[in-house]
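1. got a structure for you, letters missing:
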């Protein structure tokens, strides 16, 4: 009897739903993306002073894109070195 009840409970648990699994992956990615965009924009705003405006957001966004590009190139270079070392 207990096993039957446990199976029914686990089958309809919110923690096994597709929505929960999607949110479990999507929310951390959105938080990281927001931090990656907001961090440089807030730094530009702090350095320039005054009110936060669209220009601060655009400069901060450009810095974020540049940091992502550099990080991607470094990661690609490192993975390529690992691949070459394993082939030899």
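-> Now that the structure is in, tell me what you want to look at. Bear in mind the structure is a predicted one, so any value in this text is a computation, not a measurement.

2. show me where the protein has helices.
-> Assigned by DSSP state H, the chain shows helices spanning 2-11, 18-48, 54-87.

3. For the last one, the averaged confidence score.
-> Just to be clear, that refers to helix 54-87. In this model, helix 54-87 has a mean pLDDT of 89.

4. by how many degrees do it and helix 18-48 diverge?
-> For helix 54-87 against helix 18-48, the angle by axes from the mean of the first three to the mean of the last three C-alpha atoms, to 10 degrees is 120 degrees.

5. Phi first, then psi, for residue 52.
-> phi -70, psi 130 (degrees, to the nearest 10).

6. Provide a list of residues in contact with it.
-> Neighbour list for residue 52: 41, 45 [criterion: C-beta atoms under 8 Å, 6 or more residues apart in numbering]. Quick note: C-beta positions are derived from backbone N, CA and C, even for glycine.

7. TSV for the helices of the chain, including mean neighbour count?
-> Below are the helices of the chain laid out as TSV (neighbours: other C-beta atoms under 10 Å):
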stretch	mean neighbour count
helix 2-11	9
helix 18-48	12
helix 54-87	12
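
8. per-residue pLDDT, the residue positioned nearest the centre of the chain?
-> The centre of the chain sits closest to residue 29, judged by C-alpha atoms, centre = their mean, with a distance of 3.2 Å. The per-residue pLDDT reported for residue 29 equals 90.

9. where's it relative to residue 36, distance?
-> Residue 29 is 10 Å from residue 36, where distance means C-beta to C-beta, to the nearest Å.

10. try residue 78
-> Taking C-beta to C-beta as the measure, residue 78 falls 20 Å from residue 36.

11. What of residue 50?
-> 23 Å.

12. quick one: residue 44 and residue 66, what's the gap?
-> Taken as C-beta to C-beta, the span from residue 44 to residue 66 is 13 Å.

13. Over to residue 28?
-> Separation of residue 28 from residue 66 (C-beta to C-beta) stands at 23 Å.

14. In contact with residue 68, which residues?
-> residue 36.

15. switch to 7 Å and redo it
-> Not one residue lies near residue 68 by C-beta atoms under 7 Å, 6 or more residues apart in numbering.
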